[in-house]
Structure formats: structure tokens, C-alpha cells
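Build me a model from this:
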Amino acid sequence: MAITIREIHTRRELRQFVRFPFWLYAECPHWVPPLIRAEMALLSPESNPAFEHSDVTIRTAWENGRMAGRIVGILNHKEAEFIGEKHVRFGWFDFIDDKRVSEALIHSVEKWAREKGATRVKGPYGFNQLDKNGWLTEGFDLAGTANTIYNYPYYPLHIESLGYVPDLCWVEIKMYLPEKFPERFTRYKDLAQRRYHLKTRHPSSKADMPKMGRQLFDLLMDTYQGLPGFVPISKKQQEQYVRRYLRFLRKDFISVVYDQNDLPIAFGIVLPSMTKAFQKARGHLFPFGFLHFLAARQWNDTADLALIGVKEEWRKKGAHSLVFTDIGNAVLAAGIRQILINPMLETNKHVLSLWKNFDHHIYKRRKTFIKYL
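Sure, this is the predicted structure:
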């Protein structure tokens, strides 16, 4: 039977789209299911401000009356303006192990991209660098994390057979914490504080987190804009991300460094690992899913380093030592014994060098792929 491609137009169809990987990965212990309500919101123009500056097509593949795959195509006009040409991103690309399905889906997005005047198609990406990006290429026998894509090994094989080549490569690091945080970081911190009059702060309360979140986004944009794949994020999007992650944050796991003029110059955000909570919740916060997240926030031996950034002019002045010491002591006090560091570009030597004084190893790799139209 021929593969049929359908474009999503209704809420019912979108719900089918969101639920597809729950069937595809039903027997996979390593897949981490998203919250269905959050996925629906992310892919709806009514609730995601990224649609204000993006053209989006959401499609599914069908055979014999059953869904066999899905894909999203995104033309982000902020990215096009930033890089000077139109690139279409593909994301949410899942399919059974049948090349007819993957080929039909990606070719439908390529056709759409040409109609939009795009010169390249690349992915998997979300709307920007804070969404889930990159397919796993090593580490298939390990559980995913809440903010990464888990995929079957055949995904990269399919896309390369369809004319795509690797574009960006990421590594993920597992870091083991000592029983006591290294004294040398305390010395570096004390020296930097005295020499440059630096200070660290945590959010004082839950109510303080949105305000600090807005400051962090300004710093995030400043520290990340030179990296490949960077996309400017609107103020509305920033507010959305703060609201999305607020429920998972612990204020003692957030550290922001300020200079003598009270301007933020460095930050780090660590989250208690929510992998098992997401797996137990099976896509739903209610009626009982939220209990797993509450437990994960308070009782956990694993954390995820979500974001870290240091202004370029402060990178050789020890500002990162304040972040490390501040968060390091907090996570140790909370019983955390290992930290999983979110994907980092393997070309980002500055960030990769930050872990050299810790017991760590690369435990996963992932890639995005690109095709010139």
C-alpha cells in the first residue's frame, strides 16, 4: 500500500500526532515520554509565541489506516534574518523502520521548504536552541533525559540514506561528584570575589524566579549567540520557557554571579533528574503524575545541568568557580551524587574544558543533519 501524508489541522489530529511515539516506544525502557498537554501547547499557535515569527507545517504518514510516522517543518523567520538565508528545520520526526515512511515524510517537508524559498533543510531541531535538538548516535542503551530526544538507532541511517549529511555534533557528559566539593574551587571563588568584587545570588523565593529568569535570558542570549544553531528568542518566548520549567526548579540549584555594578555575568541552572518521573507519569500530570515530580524534586541522587553560561570577558577571571562552588555545595547537601550535563557542541571547547577537574566521561553523542536543496 502507498504511504499517505496528511497535514494536521484539528486538535484531534494534533493529539494523535503527539501520542504517536507513545505507541512507537511502548516497549522501549529508555524513552522518556513528554507531558501530552505541554507538547500540545508547544505545537499550537494559540499557546506558543514562536508561531508569531515562524511558518509551521505538522504532518503525519499513514498506511492501511494506521499512523506510521510524523514530522514538523519550521521556517523560523528570526533565524532567517539572523543568518541571512532561509533554512527549514525538521523536528518531531518519528517513524517506523520503513524507509518508504521516512522518505515520504522528509520529501513532503523538502517540497514545502522549496515553496517557502528555503535553501536548506536541517534537523532534528525544535523552534530554537532551548528545545530538543539532535538525534542520538551513541548511547542507545541508556535512558534519555527530560530535555533530549531519544530515538531508535535506525533514525540516522534513514536520514543519511536520503541525502542528508551530519551538520552539528553534540556530546553529553556524566560527571561524578566527590563527597566534598574540591577545596581549590573555594580558593578560586574567594580570590575572584576579592579581586573583582563579585557576588552570587539564588532566587529568594518562587515569586523571585520569573524576575531572575528574565535576567538570565538576557545573559543567555549574550553568551550563546556566537554558537552554531543559535536563534534569537522573543520576550514572549522567554516568558513561556520560564513558566514551563518553573515547576521543576529548586531555588538552591540556581546560581547567578553579579559584578560590582550588580550586572549578571555568569549563571548555572541544575534540575533534579526528572527522567524517572516522566516515565512514571506516562504523559500526564494528573491525577497522580505530579506526585512523581514532587518526589523527584526532593529525593534524588542524579541531577541534570540544564544551562551554564559565562560572559566572554569573564571567562578567564574565575567567574565560573563561583557558580560551581555555589551549586556544587547545594547539590551535595541535597544528596546528588552525579550530574548529567545537557548536550554541548563538541566544538565548544570553552564549556567542555570546565569539567576537566572532575571525574567525568562522555556517555552519549548526538547529531543534526542537513541537506542543500
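
residues contacting Thr325?
With contact set as CB atoms under 8 Å, 6 or more residues apart in numbering, Thr325 has these partners: 181, 185-186, 188-189. For the C-beta atoms, the positions are set from N, CA and C on the backbone; glycine is no exception.

again, only using 6 Å
185-186, 189 (CB atoms under 6 Å, 6 or more residues apart in numbering).

roughly how far out does the lengthiest strand in the chain sit from the chain middle?
If you go by DSSP state E, the chain has its longest strand at strand 359-372. Relative to the chain's own centre, strand 359-372 is displaced by 13 Å; criterion: CA atoms, centre = their mean, to the nearest Å.

quick one: buried residues of it?
Within strand 359-372, the residues that qualify as buried by neighbour count (16 or more other CB atoms under 10 Å) are 362, 364-371.

that older thread, among the contacts of Thr325, which are located in helices?
Here DSSP state H is the test, and the contacts of Thr325 give 185-186, 189 as lying in helices.

low-scoring pLDDT stretches of the stretch 201-350 of the chain, where are they?
246-247 (pLDDT under 70).

which residues of it fall in strands?
Listed in chain order, the strands of the stretch 201-350 of the chain (DSSP state E, counting those that start in this stretch) span 254-258, 264-272, 302-310, 338-345.

To Tyr150, which of the ones you listed lies closest?
Closest approach to Tyr150 among those is made by strand 338-345 (12.4 Å; CB to CB).

Go ahead and name everything in contact with that closest one.
145, 170-176, 302-306, 351, 366.

which of these are buried?
Among these, the ones that count as buried by 16+ other CB under 10 Å are 145, 170-175, 302-306, 351, 366.

Gly91 sits in which helix or strand?
When elements are assigned from DSSP states H and E, Gly91 belongs to strand 87-95.

what's that strand packed up against?
Applying 3 or more CB pairs under 6 Å, 6 or more residues apart in numbering; DSSP states H and E, one finds that strand 87-95 contacts strand 66-76, helix 99-115, strand 120-123.

For the first one, list the C-alpha coordinates in PDB.
In PDB, the C-alpha atoms belonging to strand 66-76 read as follows (Å, rounded to 0.1, in the frame of the first residue of the first chain):
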ATOM      1  CA  ARG A  66      -2.600   3.400  10.800                       C
ATOM      2  CA  MET A  67      -0.200   6.200  11.500                       C
ATOM      3  CA  ALA A  68       3.300   5.200  10.600                       C
ATOM      4  CA  GLY A  69       5.200   8.400  11.200                       C
ATOM      5  CA  ARG A  70       5.200  12.100  11.900                       C
ATOM      6  CA  ILE A  71       7.200  15.300  11.200                       C
ATOM      7  CA  VAL A  72       7.200  19.000  11.800                       C
ATOM      8  CA  GLY A  73       8.600  21.600   9.400                       C
ATOM      9  CA  ILE A  74       9.600  25.000  10.800                       C
ATOM     10  CA  LEU A  75      10.700  28.200   8.900                       C
ATOM     11  CA  ASN A  76      11.800  30.500  11.700                       C
END
